[in-house]
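> sequence and computational prediction follow.
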Amino acid sequence: MGGSLAVGATGAAANATSGAAFAPAVSCPAVADRVGDVPARAQAEVQRNLQQLETQIAEANRRLASSQGQGGPNFVRNAILSPLKDKRTAALQRIEIAFRRAGAQAPNGLDALATCSVRDDGTGNGNDDGNGTGNDNGQQDDGQQDDGQDNGGETGATGGITCPSVADRLGQIPARARAEVQRNLRQLETQIAEANRRLERAAGQGGPNFVRNAILGPLKGKRTATLQRIALAFQRAGARAPADLRTLATCEVGNPGNGGNNGNDGNNGNDGNDGNDGGDGDNNGGQARGPVAEDFVDIRSVRPNVRTPRTQRNGSRGTFSVDCGRNEGRIFNSDNVIVAPGVSNGAQHTHDYVGNESTNNQSTNESLLAAGTTCRNGDKSTHYWPVLRALGQEEFDADQRGGGLDLNVGKILTPVQVQITFKGNPAAKVVPAPQFLRIITGNARVNGAEHNAGWTCTGFENRQLTDKYPLCPRGSRLVRVFDFQSCWDGQNIDSANHRTHVTFPEADGSCPQGFQPIPALEHRLVYNVPRGPNFAVDGFPEELHKPITDHSDFINLMNEQQMQRVVTCINSGRRCR
């Protein structure tokens, strides 16, 4: 699995005359063949970071395709290659740390593999490594000809086949199935890499149906078989297989000319806010893509759909509320210390922060404990979520990473109310959550799993939406609701995908076998927003500001005494602050 495989990238365009044409694509040095023999104790962590390197390249390629024509001559270097280098550096460092933790010597020279370049239309000429030194004329840094195969499998200029993401559709993988599932996920990546290499070699061959019949058709067959093996692995482990995996078998060749088959692009150029793709001066001349009119719905047209499990005799009815303010101090950054520690602009969108006043990509448990807090009870826990913006208005970060350079534009709205509440479990008493526990609720990816962040309006909170922004009637305010996973595995404060160490209760409120109930955190944010479809949540540039990408993050910094107060209050049925 080479580090340059542009999995899911949108980089090449179908061409009715020659069979395929090539567009710019991100090219990175291969990593997998440079790590050598991985110690058994380090294999899971190394494999996770190798997959993360693949995902980073795929995201960069999607962004490269969706940002065609935007910005000045340095846009690609500043907005795509530089953030990618930061992310790769952090992932490569995590690989080295995994070796050392296993008592082995880390591979030499991994830091030199962080820098990527952009190859153009297949001629080998493209942007350099981001240091402003001009074209590289097809030569790799070591002077060897770039034929798309060096460094053990670099894909060079293609990266043009786009396939639906699979890993984030699987949810919690049973322990007995993990090895088989991971093997098949790697096989899916290998299949895309092979198809991309064939696409590159096939330039100019066959008629208009050549790519479909000779490349995409066989790829679909291989993916179907692999997805079936993943489903079988779940079933053999006694678990229900993820639904609709077969729908992820079909791939396509991206078309950067229309923004890359994102469903909302290429409609007569009207893929921006109200079709004004030309922008209003934000993002160096480019307007953020999305949201579109179809992303909004009148809340009055939504039927009541909120169901709350009845509290049983042994359940816990109490609540504990914490006042941490509304981010009146405007603490912002575009980092994500949980998902991308050490990576500057790891989120590519701006976060609101309440609670701990020092949270950024460099935070450690120790630095967070030493910091101040906005919470009135002294709780130093950190709470953060993407900002909400009023579109068409200027903000301080219009020309900064995380803001306009990542297609997040508009005035940042401060909530009029932020409620942080810990609740009980309908079926049992709660146990203390461990200090430093990390939880993410919602999913920043449209094609991800667990899209559970809710949108609603005051006066209509018995109806919630996940995939639409609600338009609230006059006198009603917009509400974002984040319910966090409240069943903990009893051992881990985090997990590789930041999800499997915690889960949601069953329909009756009970925790699944192997999990125990902890205080259930809820973030409730209330806003005054402009009238009409004129607001959007920050997100990754390629996610088009869809409401389904909303999410929130929490790191528990309560000490033992503070947490015990929360637990005692909830289990005794009281309402505490």
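In hand now; what should we look at? Numbering: from 1, shown residues only.
> show me the shaky parts of the stretch 251-400 of the chain.
Applying pLDDT under 70 to the stretch 251-400 of the chain picks out residues 254-289.
> where exactly do the strands run in it?
Assigned by DSSP state E, counting those that start in this stretch, the stretch 251-400 of the chain shows strands spanning 252-253, 296-298, 319-322, 332-333, 351-355, 382-386, 388-390.
> export those strands to JSON lines and tack on distance to I173?
Placement of C-beta: from N, CA and C, glycine included. Output for the strands of the stretch 251-400 of the chain, formatted as JSON lines (distance: least, CB to CB, whole Å):
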{"stretch": "strand 252-253", "distance to I173": "27"}
{"stretch": "strand 296-298", "distance to I173": "34"}
{"stretch": "strand 319-322", "distance to I173": "33"}
{"stretch": "strand 332-333", "distance to I173": "32"}
{"stretch": "strand 351-355", "distance to I173": "28"}
{"stretch": "strand 382-386", "distance to I173": "27"}
{"stretch": "strand 388-390", "distance to I173": "33"}
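> for the residue nearest the centre of the chain, pull up the helix or strand it's in.
Nearest to the geometric centre of the chain sits A444, at 4.4 Å (CA atoms, centre = their mean). For A444, there is no host helix or strand (DSSP states H and E).
> repeat that for Q235.
helix 217-236.
> so how far is that helix off the chain centroid?
Helix 217-236 has its average C-alpha position 24 Å from the chain's average C-alpha position, going by CA atoms, centre = their mean, to the nearest Å.
> which outside residues touch that helix?
Helix 217-236 is touched from outside by 161, 163, 166, 170, 173-174, 176-177, 180-181, 184-185, 187-188, 191-192, 195, 240-242, 245-246, 248-251, with contacts defined as CB atoms under 8 Å, 6 or more residues apart in numbering.
> just the buried members of these?
161, 163, 166, 170, 173, 177, 180-181, 184-185, 187-188, 191-192, 195, 241-242, 245, 248-249, 251 (16 or more other CB atoms under 10 Å).
> now intersect these with the strands, please.
Secondary structure defined by DSSP state E assigns I161 of the buried ones among the contacts of helix 217-236 to strands.
> which ones among the buried ones among the contacts of helix 217-236 lie within helices?
Among these, the members found in helices (DSSP state H) are 180-181, 184-185, 187-188, 191-192, 195.
> ok, the residues you listed vs R77, which is closest?
Closest to R77 out of those is I192 (26.4 Å), distances taken as CB to CB.
> hmm, the closest one is touching C163, no?
Yes - the pair I192 and C163 qualifies as a contact (CB atoms under 8 Å) at a distance of 5.7 Å.
> residues contacting the closest residue to P309 other than its chain neighbours?
Leaving aside its sequence neighbours, P309 sits nearest to G509 (CB to CB, 6 or more residues apart in numbering; 3.8 Å). Residues near G509 by CB under 8 Å, 6+ apart: 309, 311-312, 315, 425-427.
> go on, R48?
Per CB under 8 Å, 6+ apart, neighbours of R48: A496.
> measure it to Q348 for me?
Applying CB to CB, to the nearest Å, the value for R48 to Q348 is 20 Å.
> what residues of stretch 452-462 count as buried?
In stretch 452-462, counting by 16+ other CB under 10 Å, buried: 452-457, 460.
> one more: stretch 105-115?
By neighbour count on 16+ other CB under 10 Å, the buried set for stretch 105-115 is 106-107, 110, 113-115.
> what does stretch 388-400 give?
Within stretch 388-400, the residues that count as buried by 16+ other CB under 10 Å are 388-393, 395, 397-398.
> over to stretch 477-497?
So for stretch 477-497, counting by 16+ other CB under 10 Å, buried means 477-488, 493-494, 497.
> of all these, which two lie farthest apart?
Once CB to CB is applied, the buried residues of stretch 477-497 give R477 and I493 as the farthest pair, at 35.2 Å.
> what pLDDT is listed against A179?
If you check A179, the pLDDT there is 85.
> what is the neighbour count of it?
12 (other CB atoms under 10 Å).
> what about the helices in the protein?
Ranges of helices within the chain are 43-66, 75-76, 82-101, 150-153, 178-201, 210, 217-236, 365-370, 560-571, based on DSSP H.
> now the angle from the fifth one to helix 43-66?
Interaxial angle of helix 178-201 relative to helix 43-66 (axes from the mean of the first three to the mean of the last three CA atoms, to 10 degrees): 40 degrees.
> how far off centre is helix 178-201?
Distance of helix 178-201 from the chain centroid (CA atoms, centre = their mean) equals 21 Å.
> show me what it is packed up against.
Here helix 178-201 is seen to pack against helix 43-66, strand 161-162, helix 217-236 when contacts are counted using 3 or more CB pairs under 8 Å, 6 or more residues apart in numbering; DSSP states H and E.
> among these, which is nearest N336?
Comparing these under CB to CB, the one sitting nearest is helix 43-66, at 13.0 Å.
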